[in-house]
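S.K.: Starting from these lines, generate the structure:
(chains A and B)
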Number of protein chains: 2
Amino acid sequence: MTELYDVAAIGNAIVDVIAPAAEEFLGAEGLSKGAMMLIDEARGVDLYSRMAPGVETSGGSAGNTVAGVASFGGRAAYLGKVAKDQLGDVFAHDMRAQGVRFDVTPLAAGPATARCLINVTPDGQRTMCTYLGASTELTADDVDPAIIEASKIVYLEGYLFDPHEARRAFAKAAGLARANGRKIALTLSDAFVVERHRGALMEFIDTQVDIVFANEAEVCALFETPDFDAAVSALAARTAMAAVTRSEKGSVIAAGEARHEIWAAAVDKVVDTTGAGDQYAAGFLYGLAHDRSLPVCGQLGALAAAEVISHYGPRPQVSLKDLAASRGL
Amino acid sequence: MTELYDVAAIGNAIVDVIAPAAEEFLGAEGLSKGAMMLIDEARGVDLYSRMAPGVETSGGSAGNTVAGVASFGGRAAYLGKVAKDQLGDVFAHDMRAQGVRFDVTPLAAGPATARCLINVTPDGQRTMCTYLGASTELTADDVDPAIIEASKIVYLEGYLFDPHEARRAFAKAAGLARANGRKIALTLSDAFVVERHRGALMEFIDTQVDIVFANEAEVCALFETPDFDAAVSALAARTAMAAVTRSEKGSVIAAGEARHEIWAAAVDKVVDTTGAGDQYAAGFLYGLAHDRSLPVCGQLGALAAAEVISHYGPRPQVSLKDLAASRGL
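M.R.: The predicted model follows:
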């Protein structure tokens, strides 16, 4: 089978609503800073009514990542479910306009397109409340075998462990990928997701996953230890490759016994950290699909993460291909 | 009647879709750079399909201005029509979250909330295509006399000369304002609007308007002359006060024989000029409502314009009140 795509991603298709917020707002609303919480529609309406004026932009972790892969010049496809509504149209437009293949049929009746209410504090940290809406209606039937079989890497969100049907969808995708000798990559997504689904995530990593992305909090949550190095080693023992991000301290890539420490790329001012991990994964996966060395993969990830945290919104606002070229990567 | 509001604005209630575009894109699409063109829904769908990934943000010229007035700490109300749909909800949220009174009943059936497709070229210039949708359904019945009578200044968009019913709405507002001794301000909005409605605009200015906002192209279009100074003098002869913006050359305030030249405020990098004129008007009107001198009104306008062109989107992303305080204004 011809490799048509560098990366095919499956994720919760979400439109972000991003607004600035004071630290006190998080406390008053009972929000856990830096985390992602699931909310129902009523809570979403209620919380939104107290948020500041915002901007709306296509999001969703894996959606952000494939948008980044495409911005690097890579070939990417996306599988996720929006509703047939205005925000669903926006999501589909943004995917296709970025050059990402996206042709999952939108949900004609039922819940609205998923929304993530993101409160950004003055330090740039984002705190997310997600109403999953139509994104939970993604089913195994939406996973087109032709796309999975033609993709070098299949990328999955840990967030997908929350909606029940999505687990069947990505089990199907993982099976197809495995059968066709494709790589499977997974991001742990969020420390609370790890807490909710530790056993299932661990089993999935042990049996199916080639590449794991995580941040410091997530890898420590997975192995229930505060010892970062021990957690990375534990993860490296269970998967072929792990890339663990540490905000301004850069990232660590572990492959077997080997360790590569990657510096964070410089940023003038951190405006909004939404999408930092997603864009790190984009650079890393693009590099991997194009046979770059692991340190270069990490540097591409660091570069993309630095771009995205310098402005509001989880997707690149410049061509990452041009940006990488300007840095000699 | 107690003055509850500094400014009540009537405008086309629009959600902006802002995306970067190459210069060549404008030519290929037959778009006139820097102008606002009206399009129908079909053309909107067609053009959107070829635009880059974007962000969605509440817009509309007068809506942007009252958002700016509120950001300065002023009291403001807005009259405009959205549909009962997702983008209408976003528009209403953003108004109220900024502290602007907005309680016009959304349109339950009929066209969708108005959208303005904005292509931003690398020089920061914006070119706008507007599908007026539900905004054209604003009627005189939507103009609450209690709001108009309680506002120091009633602010109207030249854009309102396009939809037929809106002219009745603002004729009602102007009559109420006049009867209660309130000031009436008008922005000419766009040189093409001036071309389409020169006679009606001129008559309205002559008979009703106290304060006119325009940019260089608009004032020259109104008097059909390339001579800027002559155009400003012609305008000053017909209205009590005129504030004419000239991009990086600053602005000129004319009041009778008096002229005040105001410098543009410094900007590190012009990202997106959408909303520059609207925010200039916000600063000017806030100053005027708070009895500041005309040069200070112009400086407040220049400061707000500089803030808004330094990022994507037509409304302030910081507190203009704090910004003004930091500059000693």
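S.K.: So the nearest residue to A:Ala236 once chain neighbours are set aside: helix, strand or coil?
M.R.: Among residues not flanking A:Ala236 along the chain, A:Ala254 sits closest, at 3.9 Å (CB to CB, 6 or more residues apart in numbering or on different chains). In short, each C-beta sits where N, CA and C put it, glycine included. Per DSSP: H, G, I helix; E, B strand; the rest coil, the secondary structure class of A:Ala254 is strand.
S.K.: pretty sure A:Ser61 is touching A:Ser189, no?
M.R.: Yes - A:Ser61 sits in contact with A:Ser189 when judged by CB atoms under 8 Å, with a separation of 6.1 Å.
S.K.: give the contact list for the residue nearest to the spatial centre of chain A.
M.R.: Residue closest to the mean C-alpha point of chain A, counted by CA atoms, centre = their mean, is A:Ser61 at 2.8 Å. Counting by CB atoms under 8 Å, 6 or more residues apart in numbering or on different chains, A:Ser61 touches A:Gly11, A:Asn12, A:Glu157, A:Tyr159, A:Thr187, A:Ser189, A:Gly277, A:Asp278.
S.K.: now it: how far from chain B?
M.R.: 16 Å (CB to the nearest CB, to the nearest Å).
S.K.: which parts of the stretch 201-329 of chain A sit against chain B?
M.R.: A:His311, A:Tyr312, A:Gly313, A:Arg315, A:Gln317 (CB under 8 Å from any CB of the partner chain).
S.K.: Select from these the one having the most neighbours.
M.R.: When neighbours are taken as other CB atoms under 10 Å in any protein chain shown, the top entry among those is A:Arg315 (28 neighbours).
S.K.: Give the burial count for A:Ala242, as a bare number.
M.R.: The burial count for A:Ala242: 24, using other CB under 10 Å.
S.K.: host element of it?
M.R.: Taking DSSP states H and E as the criterion, A:Ala242 maps to strand A:241-245.
S.K.: what's the offset of that strand from the middle of its chain?
M.R.: 14 Å (CA atoms, centre = their mean, to the nearest Å).
S.K.: List the buried residues for that strand?
M.R.: A:Met241, A:Ala242, A:Ala243, A:Val244, A:Thr245 (16 or more other CB atoms under 10 Å in any protein chain shown).
S.K.: and if you look at stretch A:16-27?
M.R.: In stretch A:16-27, counting by 16+ other CB under 10 Å, buried: A:Asp16, A:Val17, A:Ile18, A:Ala19, A:Pro20, A:Ala21, A:Phe25, A:Leu26.
S.K.: Tell me where the stretch 151-300 of chain A has helices.
M.R.: Assigned by DSSP state H, counting those that start in this stretch, the stretch 151-300 of chain A shows helices spanning A:164-179, A:191-196, A:198-208, A:216-222, A:228-236, A:276-289, A:294-308.
S.K.: Point out the most buried one among those helices.
M.R.: Highest mean neighbour count among the helices of the stretch 151-300 of chain A (mean count of other CB atoms under 10 Å in any protein chain shown): helix A:276-289, with a mean of 29.
S.K.: Could you check the angle it makes with helix A:294-308?
M.R.: For helix A:276-289 against helix A:294-308, the angle by axes from the mean of the first three to the mean of the last three CA atoms, to 10 degrees is 140 degrees.
S.K.: Report all helices and strands that helix A:276-289 contacts.
M.R.: Applying 3 or more CB pairs under 8 Å, 6 or more residues apart in numbering or on different chains; DSSP states H and E, one finds that helix A:276-289 makes contact with strand A:5-10, helix A:61-71, strand A:151-157, strand A:183-187, strand A:211-215, strand A:241-245, helix A:294-308, helix A:320-326.
S.K.: pull the CA atoms of that helix into PDB?
M.R.: Output of helix A:276-289 as PDB, limited to C-alpha atoms (Å, rounded to 0.1, in the frame of the first residue of the first chain):
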ATOM      1  CA  ALA A 276       2.200  23.500  23.200                       C
ATOM      2  CA  GLY A 277       2.200  19.700  23.600                       C
ATOM      3  CA  ASP A 278       0.200  19.200  20.500                       C
ATOM      4  CA  GLN A 279       2.700  21.200  18.400                       C
ATOM      5  CA  TYR A 280       5.700  19.500  20.000                       C
ATOM      6  CA  ALA A 281       4.100  16.200  18.800                       C
ATOM      7  CA  ALA A 282       3.600  17.700  15.300                       C
ATOM      8  CA  GLY A 283       7.200  18.600  14.900                       C
ATOM      9  CA  PHE A 284       8.400  15.300  16.300                       C
ATOM     10  CA  LEU A 285       6.100  13.200  14.200                       C
ATOM     11  CA  TYR A 286       6.900  15.200  11.000                       C
ATOM     12  CA  GLY A 287      10.600  14.600  11.700                       C
ATOM     13  CA  LEU A 288      10.100  10.900  12.400                       C
ATOM     14  CA  ALA A 289       8.100  10.400   9.200                       C
END
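S.K.: Next, the angle helix A:61-71 makes with that helix.
M.R.: Using the same axes, to 10 degrees: helix A:276-289 against helix A:61-71 is 50 degrees.
S.K.: which other residues reach the worst-scoring helix or strand of chain A on mean pLDDT?
M.R.: Using mean pLDDT, DSSP states H and E, helix A:164-179 stands out as the lowest-scoring helix or strand of chain A, at a mean of 92. Contacts to helix A:164-179, defined as CB under 8 Å, 6+ apart, come from residues A:8, A:10, A:12, A:79, A:135-140, A:142-143, A:145, A:148-149, A:151, A:154, A:156, A:160-161, A:182-184, A:200, A:204, A:208.
S.K.: Which among the helices and strands packed on helix A:276-289 is found nearest to B:Ala70?
M.R.: Minimum separation from B:Ala70 across the helices and strands packed on helix A:276-289 (CB to CB) falls at helix A:294-308, 29.7 Å.
S.K.: Point out the other elements, helices or strands, that the closest one touches.
M.R.: helix A:61-71, strand A:241-245, strand A:251-255, strand A:258-262, helix A:276-289, helix A:320-326.
S.K.: what's the distance between A:Val17 and B:Leu201?
M.R.: 38 Å (CB to CB, to the nearest Å).
S.K.: now A:Ala230
M.R.: Relative to B:Leu201, and taking CB to CB, A:Ala230 is found at 73 Å.
S.K.: what's the answer for A:Ala173, then?
M.R.: Where B:Leu201 is concerned, A:Ala173 sits at a distance of 60 Å (CB to CB).
S.K.: Check A:Gly199 too.
M.R.: Relative to B:Leu201, and taking CB to CB, A:Gly199 is found at 70 Å.
S.K.: And A:Gly63, by the same measure?
M.R.: A:Gly63 is 46 Å from B:Leu201, by CB to CB.
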